[in-house]
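J.: sequence plus predicted model, see below.
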Amino acid sequence: MVHLQPKAQVADVVVIGSGAGGGTVVKVLTDLGVNVTLLEAGGMVNPETDFKQGMWPYEVQHRGTGPNAEYYRGTMQDGFFAAPNSFWQDPNEPYTVAPDSKFTWFRSRVIGGRTNHFGRFTPRFSDYDFKPYSFDGLGTDWPMDYTEMSPYFDKAELFVGVSGANSGLRSAPDGKFQPVPPPRVHEVLVQKAGQKLGIPVIPARQAMMTKAQNGREACHYCAQCGRGCKSGAAYSSSQAMIFPALKTGRLTIVTGAMARELVLDDTGKVTAVSYIDKATRTEQQIRCRTVVLAASACESARLLLNSKSALFPDGLANSSGAVGKYLTDTLAFSHWGYVPALEGVPRHNSDGLGGNHVYIPWWLLDDKTKDFPRGYHIQMGGGFNMPGIGGFNDLAWNYEGYGTKLKQRIRQSYGSQVSFTGFGEMIPNKDTYCEIDPDGKTDIYGIPVLRFHWKWSDYELNTVGHIRQTLRSIIETMGGTVNGDDPTLTNAQRITTGGSVIHEVGTIRMGDDPSQAPLNRYCQAHDVKNLFVADAAPFVSNPEKNPTLAIIALAWRTAEYLAEELRKGNV
Ligand SMILES: Cc1cc2nc3c(=O)[nH]c(=O)nc-3n(C[C@H](O)[C@H](O)[C@H](O)COP(=O)(O)OP(=O)(O)OC[C@H]3O[C@@H](n4cnc5c(N)ncnc54)[C@H](O)[C@@H]3O)c2cc1C
Ligand code: SF4
């Protein structure tokens, strides 16, 4: 493709993508006095008008059965109440999946990226998570350890506002938490079952503030975080990081800008970012001194792989050949249970935080007898939630009859279902990666798309088997019965589709050896000194703990390093 003449002005730092990673870099750099230009493929977000917090089911046209009726046609990609501009499939921005592989990719195109939508369960990684190879001989160690990362987890938790409590457990490290609300009725029953089974059930860690700070209000316990939190109590990078950074006067935002390629000079330094202005469908360039990729793990890998040149014929910063490799997602398995003790509980407001008040951290760290190497944690759901659109479809499956008797039966049992999901660690393997589609498929902007390869190994399949047994024993210890378990299924049929837990990491990993890893210990490309990566692509492993707090902590560290390198004139 022909490159346009770069515009004369040179930005100090161009950040690509405004999610957890990009938002953090923007916040830290602008706080440190650095001027930043942010390129974001999506549009601006206005929480007041775009978020669905406080919306009632009756405000959805015909309760979802209207002209489009997506829910009933099975074409609904995200909830009616979800924060805006997210999708699993977009005909304008396709991807492909290799034969014999299954993969699905949730993306978001809006300022703040997927942090507008995410579940906000934000545990910090443990010491052993940074040293997986040393721990059990599988995978690769990170180039730094927990001691080095701990201050950045502190900064992330304090700034983001994470509710939780110290537990003194190695698998759930202590942190800098805001007060956590008490457990709800179903969570108390889980705690009691946990005591009987010897399974810890401890306060959850959620990026939902119970105390106001930094211009964001405290939570008022409406349980609607996934819809977008207008008061900003639930962390999103848009509200917590990007909007305050704009007020410094040091941030320029270009929305609707789909980065296509990084442009090099003869010495192999990035001199500009080439992007498609989505509104005019024209190609533009912005010149820069340094660039930070934060487009999400797979999009950042795609950008590097699409940036081919004589110096880097296999993609920029890819002399190791590792860009796109080592891709992982979290594995998951869920069970619902019917718990008679919760039938007929007096009606009360059980909304609380829009997520767990308690959870089960990994508790078998020292067990060497199990048939899988790593671990999992368990999250849960229950209580008297507002019935969702189409929610009574499910009840109609469960109960026969009509009229008053049917209503009484439904009322009596409402709130007696408790759900559990175990989230487990995947070990990187050579069969799971992304690459540029070899058949030349492009998106609507003419940018070559990714093709995904996916394979779960026995490590993950056996983890699923263990999760299933654990969930069953918890539900039964609560006096309940498991719903809909099919004992004839194999673990390969039970495990989630790759990508569906939305924790993709590892595609541009960090490491001290340039022949093995594209990035150094500060997430700076070994091959290209003015190129940094600040999303989950640099992760060396994918612990069972959700990744976003670690993305923020790592991006914070990268941004501080970059600011110092800029000050010294090294980049
Ligand atoms: C429903 C849901 C629930 C989740 N729950 C949790 C949870 O409980 N805990 C947890 O830790 N994580 C959770 N996650 C995952 C979490 O959202 C991600 O880990 C996090 O948002 C990743 O941040 P990021 O900065 O890497 O990417 P993103 O948040 O995806 O942001 C990337 C941004 O880059 C932009 N972009 C992409 N390509 C380009 C391009 N070429 N040019 C310019 N801009 C581009 C995108 O538009 C987007 O705004 C969840 C995600 C979802 C969707
Ligand atoms: S539960 Fe709290 S954090 Fe979540 S949307 Fe409501 S007010 Fe915001």
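T.: Right, received. Where do you want to start? Numbering: from 1, shown residues only. Ligands and ions are numbered 1, 2, ... in the order given.
J.: now do the SS call for the closest residue to ligand 1 within the stretch 351-500 of the chain.
T.: Nearest to ligand 1 in the stretch 351-500 of the chain, going by Cβ to the nearest ligand atom, is residue 355, at a distance of 7.1 Å. Just so you know, the C-beta spots here come from the backbone N, C-alpha and C atoms, and that holds for glycine as well. Here residue 355 is recorded as coil under DSSP: H, G, I helix; E, B strand; the rest coil.
J.: if we ignore the residues flanking it in sequence, what's nearest it?
T.: The shortest distance from residue 355 to any residue that is not its chain neighbour, by Cβ to Cβ, 6 or more residues apart in numbering, is 5.1 Å, and that residue is residue 206.
J.: circling back to that earlier point, surely the residue of the stretch 351-500 of the chain closest to ligand 1 touches residue 207?
T.: No - using Cβ atoms under 8 Å, residue 355 and residue 207 do not qualify as a contacting pair, with a distance of 9.2 Å.
J.: more neighbours, those two?
T.: Between residue 355 and residue 207, residue 207 has the larger neighbour count (other Cβ atoms under 10 Å), namely 30 against 23.
J.: list the contacts of the more buried one.
T.: The contact partners of residue 207, by Cβ atoms under 8 Å, 6 or more residues apart in numbering, come to 120-122, 160-162, 234-235, 548-549.
J.: any idea which of those is closest to ligand 2?
T.: If you rank the contacts of residue 207 by distance to ligand 2 using Cβ to the nearest ligand atom, residue 234 comes first, at 3.6 Å.
J.: what confidence value was assigned to the closest one?
T.: Listed pLDDT for residue 234 reads 97.
J.: separation between the residue lying closest to it once chain neighbours are set aside and ligand 1?
T.: For residue 234, the nearest residue in space outside its immediate sequence neighbours is residue 225; the separation is 4.2 Å by Cβ to Cβ, 6+ apart. With the distance defined as Cβ to the nearest ligand atom, to the nearest Å, residue 225 ends up 9 Å from ligand 1.
J.: so residue 225 makes contact with residue 122?
T.: No - the pair residue 225 and residue 122 does not pass the contact test of Cβ under 8 Å, sitting 11.9 Å apart.
J.: looking at these two, which one has more neighbours?
T.: When neighbours are counted by other Cβ under 10 Å, residue 122 comes out ahead of the other of residue 225 and residue 122, with 31 against 24.
J.: tell me the contacts of residue 227?
T.: Under the criterion of Cβ under 8 Å, 6+ apart, the contact list for residue 227 reads 51-53, 55, 79, 81-83.
J.: reformat these as JSON lines; add pLDDT.
T.: Compiled in JSON lines, the contacts of residue 227 are given as follows (pLDDT from 0 to 100):
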{"residue": "51", "pLDDT": "93"}
{"residue": "52", "pLDDT": "89"}
{"residue": "53", "pLDDT": "90"}
{"residue": "55", "pLDDT": "86"}
{"residue": "79", "pLDDT": "73"}
{"residue": "81", "pLDDT": "80"}
{"residue": "82", "pLDDT": "81"}
{"residue": "83", "pLDDT": "83"}
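J.: of the residues you listed, which is the most crowded?
T.: Using other Cβ under 10 Å as the contact criterion, the top neighbour count among those goes to residue 83, which has 29 neighbours.
J.: would you mind listing what in this structure touches ligand 2?
T.: Taking Cβ under 6 Å from any ligand atom as the contact definition, the chain meets ligand 2 at 53, 208, 219-225, 229, 231, 233-234, 353-354.
J.: list only buried entries from those.
T.: By neighbour count, with 16 or more other Cβ atoms under 10 Å, these hold 53, 208, 219, 221-225, 229, 231, 233-234, 353-354 as buried.
J.: picking that back up, what's the per-residue pLDDT of the residue of the stretch 351-500 of the chain closest to ligand 1 here?
T.: Residue 355 is assigned 92 on the pLDDT scale.
J.: cool, the one 3 residues further on as well?
T.: pLDDT recorded at residue 358 is 98.
J.: just to revisit the earlier point, helices - which of the residues of the chain next to ligand 2 land there?
T.: Secondary structure assignment (DSSP state H) places none of these within helices.
J.: please, where are all the helices along the stretch 201-350 of the chain?
T.: Using DSSP state H, counting those that start in this stretch, the helices of the stretch 201-350 of the chain run over residues 237, 243-247, 297-306.
J.: swap that for the chain, please
T.: With DSSP H as the criterion, the chain has helices spanning 20-31, 47-50, 70-73, 132-136, 146-160, 185-197, 237, 243-247, 297-306, 391-398, 403-413, 458-477, 491-494, 548-568.
J.: just the C-alphas of the fifth one, formatted as PDB.
T.: In PDB, the C-alpha atoms belonging to helix 146-160 read as follows (Å, rounded to 0.1, in the frame of the first residue of the first chain):
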ATOM      1  CA  TYR A 146       6.600 -10.700  42.300                       C
ATOM      2  CA  THR A 147       8.800  -8.500  44.500                       C
ATOM      3  CA  GLU A 148       9.500  -6.200  41.500                       C
ATOM      4  CA  MET A 149       5.800  -6.200  40.500                       C
ATOM      5  CA  SER A 150       4.200  -5.800  43.900                       C
ATOM      6  CA  PRO A 151       4.600  -2.000  44.100                       C
ATOM      7  CA  TYR A 152       2.900  -1.700  40.700                       C
ATOM      8  CA  PHE A 153       0.000  -3.900  41.900                       C
ATOM      9  CA  ASP A 154      -0.200  -1.600  44.900                       C
ATOM     10  CA  LYS A 155      -0.400   1.500  42.600                       C
ATOM     11  CA  ALA A 156      -3.000  -0.200  40.300                       C
ATOM     12  CA  GLU A 157      -5.200  -1.300  43.200                       C
ATOM     13  CA  LEU A 158      -5.000   2.100  45.000                       C
ATOM     14  CA  PHE A 159      -5.800   4.100  41.800                       C
ATOM     15  CA  VAL A 160      -8.400   1.800  40.300                       C
END
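J.: give the buried residues for it.
T.: When neighbours are counted by 16+ other Cβ under 10 Å, the buried residues of helix 146-160 are found to be 146, 149-150, 152-153, 155-157, 159-160.
J.: ok, residues contacting it?
T.: With Cβ under 8 Å, 6+ apart as the criterion, helix 146-160 contacts 24, 27, 122, 124-127, 129-130, 173, 175-177, 207, 214, 235, 240, 549-550, 552-554, 556-557.
J.: what's the closest non-adjacent residue to the residue nearest to the spatial centre of the chain?
T.: Centroid-nearest residue in the chain, with Cα atoms, centre = their mean: residue 503, separated by 4.9 Å. Of all residues not flanking residue 503 in the chain, residue 330 sits nearest, at 4.2 Å (Cβ to Cβ, 6+ apart).
J.: any chance of the backbone angles for that neighbour?
T.: Geometry field for residue 330 lists phi and psi as phi -80, psi 140, criterion degrees, to the nearest 10.
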